[in-house]
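Peer 1: Any chance you can model this:
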Amino acid sequence: LCTEDLVEQIGATQVQRACLQTVARPCDGTTACAILALSLFAGARKRIEQGSNTFRIIKGMQRASNAVVQYIQEELSIPVDNEELLRKIATTAANNDENLGALISEAAYQAGRNGVILVENKYQGVDEFKWTMGYHIPYGVIDKELLLNAPEIRLNSPRVVFFADPIEHDRQIGSFVRAWTEHNKALKNATPYPLVFVAPAFRGNAVSTIMRNNIQHQFPIYGISTKGLSEDSLGALEDLRAISGAAEIYDRKRFGDATKKIMHSDFGIVDGLILRDGETYFIPNDDAPTHKRMTKQANILQAQMDALEDDTSEKYEAFKHRKSKITTGVCILQVTASTEGELREKLDRVDDAQRACFAALEYGASVGGGLTYVDARKAIDALEPSNEDERIGFSIVREALFEPFKTLVSNCGANPERVLDTIPRQEGDTVRTRRIFDGLTKHPRIGYEADILDATLVLTEALRNATSTAVVLLNTKASLTYTHPK
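Peer 2: Numbers count the residues shown, from 1 in each chain. Sure, this is the predicted structure:
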């Protein structure tokens, strides 16, 4: 965005940031966010210039916006409990690409709410995906230099050692390195298996030791930080230990014990490890012992959940989250295209669709086509204003909620008011029965049958961020700008 007026530029940047904030979570709804923000700000500014109180109008807008968000979540949303419903949402988010929508929804449904979809791309072949059990750490390899020349590193059959405390000295990992060196010599492998240390942090000469070893090419050593794993990092480490079959998790007292002989069985083993900048994915072995260990760990967590009296406590949710990460998986989605331009555009749609799917799995789905905002105006009608200016704030939000539908219908060459008259909300209408305006056929259809659905989170986040941006702009009385000297 670039305008000649610098103050105008500030306003445009605020709207842009609201759209980016919307796209960062459900990865969709940027158009709706921009339209809502413009309508809210323009409507409020007009009333303020006519003499209404700014702060009372803002209070009314915030009350109305919060009421609409709550109404959408409680009355205009349904849980996504089957793959068919997820396919409809993915198709809408992928710009009505049915093949891509079906592929992404299948991947997201297999991975589950807390699963992960890894996207790979190439210039030939067909779009496809494969599913595997996996465990995702939202942090990554400590040696960022390793990732400068490649988008990712894949390790085959690495051996893994887990630590509960930060690694600060090379002597803390020396016994494991020596044991693995001797084991590789005994195996006489042409390509030694990599060794991976997993710990909360790596400091001091432990980092230089790992990097020096890799430069000398004895065998690859990697350090994976669990800094971003979870608040219950020790519990998450135990889950990872169970997946890999490692003997134990070493603490500050034990991992410097030079007298302890390290056995091959002390190391954990996984089928693969995918390292990306800021992301790490553990892919466990697909064998009976691994599945048995994972099932056992999931049962242990379920027993701990059952032992808690309060199923709404933070501890219960922590156990539930840990169990879901063990039982969900990692899907590898392969996207193909003929040219780089086509691939970039397709990857954008894939990103939109997969985030919309995960948002829908967690927060539900609503009717698309702008009709959910129109129907949600009912929540504003039930509010009681404290004063006239607050009532004006209500009306501003009510008018803004019509704008996404109005823009969509107008772009199709139809009259929004007349179209809305042909598809009124009937008593007892639900997401599965609500009639909408189909922009392709330009005729009323049931939105669920026409695959025109949105993730509920997309709609609520767009309205929240649009309202927040409008409030910031309305509260701004002065701005500082920098003019470049001529």
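
Peer 1: Next, the buried residues of stretch 46-63.
Peer 2: Within stretch 46-63, the residues scored as buried using 16 or more other C-beta atoms under 10 Å are 47-48, 52-54, 56-63. The C-beta positions use only the backbone N, C-alpha and C, and glycine is treated the same way.

Peer 1: I should have written stretch 307-322 there, sorry.
Peer 2: In terms of neighbour count (16+ other C-beta under 10 Å), stretch 307-322 has its buried residues at 316, 318, 319, 321, 322.

Peer 1: How far away from the center of its chain is the helix or strand harbouring residue 180?
Peer 2: Taking DSSP states H and E as the definition, residue 180 sits inside helix 171-187. The chain centroid and the centroid of helix 171-187 are separated by 39 Å, computed with C-alpha atoms, centre = their mean, to the nearest Å.

Peer 1: Parallel or antiparallel, list what pairs with the next helix or strand after it.
Peer 2: Downstream of helix 171-187, the first helix or strand assigned by DSSP H and E is strand 195-199. Partners of strand 195-199 in the sheet, by DSSP bridges, are strand 159-163 (parallel), strand 221-225 (parallel).

Peer 1: Identify the residues contacting the first one?
Peer 2: For strand 159-163, the external contacting residues (C-beta atoms under 8 Å, 6 or more residues apart in numbering) are 172-173, 176, 180, 193-200, 237, 240-241, 244, 246, 248-251, 255, 266-270, 273.

Peer 1: tell me the angle of that strand relative to helix 171-187?
Peer 2: The directions of strand 159-163 and helix 171-187 differ by 160 degrees, with axes from the mean of the first three to the mean of the last three C-alpha atoms, to 10 degrees as the criterion.

Peer 1: now swap in the last one and tell me
Peer 2: Relative orientation of strand 221-225 and helix 171-187, computed by the same axes, to 10 degrees: 140 degrees.

Peer 1: Okay, and the beta partners of the closest residue in space to residue 85 that isn't next to it in sequence?
Peer 2: Nearest residue to residue 85, sequence neighbours excluded (C-beta to C-beta, 6 or more residues apart in numbering): residue 365, at 6.3 Å. Beta-bridge partners recorded for residue 365 (DSSP bridges): residue 78, residue 455.

Peer 1: is it true that residue 365 touches residue 81?
Peer 2: No. Residue 365 sits out of contact with residue 81 when judged by C-beta atoms under 8 Å, with a separation of 10.1 Å.

Peer 1: These two: which is more packed in?
Peer 2: Using other C-beta atoms under 10 Å as the criterion, residue 365 and residue 81 rank with residue 365 on top: 29 against 10.

Peer 1: mind checking how far that one is from residue 90?
Peer 2: 11 Å (C-beta to C-beta, to the nearest Å).

Peer 1: what's the overlap in contacts for the two?
Peer 2: Common neighbours of residue 365 and residue 90 (C-beta under 8 Å, 6+ apart) do not exist.

Peer 1: quick one: residue 334 is in a strand?
Peer 2: Yes. Secondary structure of residue 334 (DSSP: H, G, I helix; E, B strand; the rest coil): part of a strand.

Peer 1: Now tell me what touches stretch 371-391 from outside.
Peer 2: If you take C-beta under 8 Å, 6+ apart as the criterion, stretch 371-391 is touched by 32, 52-53, 56-57, 59-60, 63-64, 67-68, 70-72, 76, 366-367, 393-394, 397-398, 401-402, 404-405, 420, 423, 425, 434, 436-437, 447, 454, 459, 463.

Peer 1: Next, the buried residues of it.
Peer 2: Here stretch 371-391 shows 371-377, 379-380, 383, 385, 389-391 as buried, counting by 16+ other C-beta under 10 Å.

Peer 1: Restricting to C-alpha, output that stretch in PDB.
Peer 2: The C-alpha coordinates for stretch 371-391 follow below in PDB (Å, rounded to 0.1, in the frame of the first residue of the first chain):
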ATOM      1  CA  LEU A 371     -25.400 -14.300   5.200                       C
ATOM      2  CA  THR A 372     -24.200 -15.200   8.600                       C
ATOM      3  CA  TYR A 373     -23.400 -11.500   9.300                       C
ATOM      4  CA  VAL A 374     -26.800 -10.500   8.000                       C
ATOM      5  CA  ASP A 375     -28.600 -13.100  10.200                       C
ATOM      6  CA  ALA A 376     -26.400 -12.100  13.200                       C
ATOM      7  CA  ARG A 377     -27.900  -8.600  13.200                       C
ATOM      8  CA  LYS A 378     -30.700 -10.100  15.300                       C
ATOM      9  CA  ALA A 379     -28.300 -10.000  18.300                       C
ATOM     10  CA  ILE A 380     -28.000  -6.200  18.000                       C
ATOM     11  CA  ASP A 381     -31.800  -5.800  18.000                       C
ATOM     12  CA  ALA A 382     -31.900  -7.500  21.400                       C
ATOM     13  CA  LEU A 383     -29.500  -5.000  23.000                       C
ATOM     14  CA  GLU A 384     -30.700  -2.100  25.100                       C
ATOM     15  CA  PRO A 385     -28.700   1.100  24.600                       C
ATOM     16  CA  SER A 386     -27.800   3.300  27.600                       C
ATOM     17  CA  ASN A 387     -28.100   6.500  25.600                       C
ATOM     18  CA  GLU A 388     -28.700   7.800  22.100                       C
ATOM     19  CA  ASP A 389     -25.000   7.800  21.100                       C
ATOM     20  CA  GLU A 390     -24.700   4.200  22.100                       C
ATOM     21  CA  ARG A 391     -27.800   3.400  20.000                       C
END
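
Peer 1: coming back round to it: in helices, which of the buried residues of stretch 46-63 appear?
Peer 2: Judged by DSSP state H, the subset of the buried residues of stretch 46-63 located in helices is 47, 48, 54, 56, 57, 58, 59, 60, 61, 62, 63.

Peer 1: for the third one, what are its contacts?
Peer 2: Residues counted as contacts of residue 54 (C-beta under 8 Å, 6+ apart) are 48, 474, 475.

Peer 1: Now with 10 Å, please.
Peer 2: The neighbours of residue 54, taking C-beta atoms under 10 Å, 6 or more residues apart in numbering as the test, are 44, 45, 47, 48, 389, 471, 474, 475, 477.

Peer 1: So which of these belong to helices?
Peer 2: Filtering the contacts of residue 54 for helices - DSSP H - leaves 44, 45, 47, 48, 389, 471, 474, 475.

Peer 1: wait, isn't the last one in contact with residue 59?
Peer 2: No. Contact between residue 475 and residue 59 fails when scored by C-beta atoms under 10 Å: they sit 11.9 Å apart.

Peer 1: Now residue 94: phi and psi?
Peer 2: phi -90, psi 30 (degrees, to the nearest 10).

Peer 1: looking at it, it is touching residue 101, isn't it?
Peer 2: Yes. Counting by C-beta under 10 Å, residue 94 touches residue 101, with 4.8 Å between them.

Peer 1: which neighbours do the two share?
Peer 2: Common neighbours of residue 94 and residue 101 (criterion: C-beta under 10 Å, 6+ apart): 349, 353, 356, 357.

Peer 1: The first one looks like it's in a helix, true?
Peer 2: Just to be clear, that refers to residue 349. Yes. Remark: residue 349 belongs to a helix, assigned using three-state DSSP.

Peer 1: List the contacts of it.
Peer 2: By C-beta under 10 Å, 6+ apart, the contact set of residue 349 is 90, 93, 94, 95, 96, 97, 100, 101, 104, 335.
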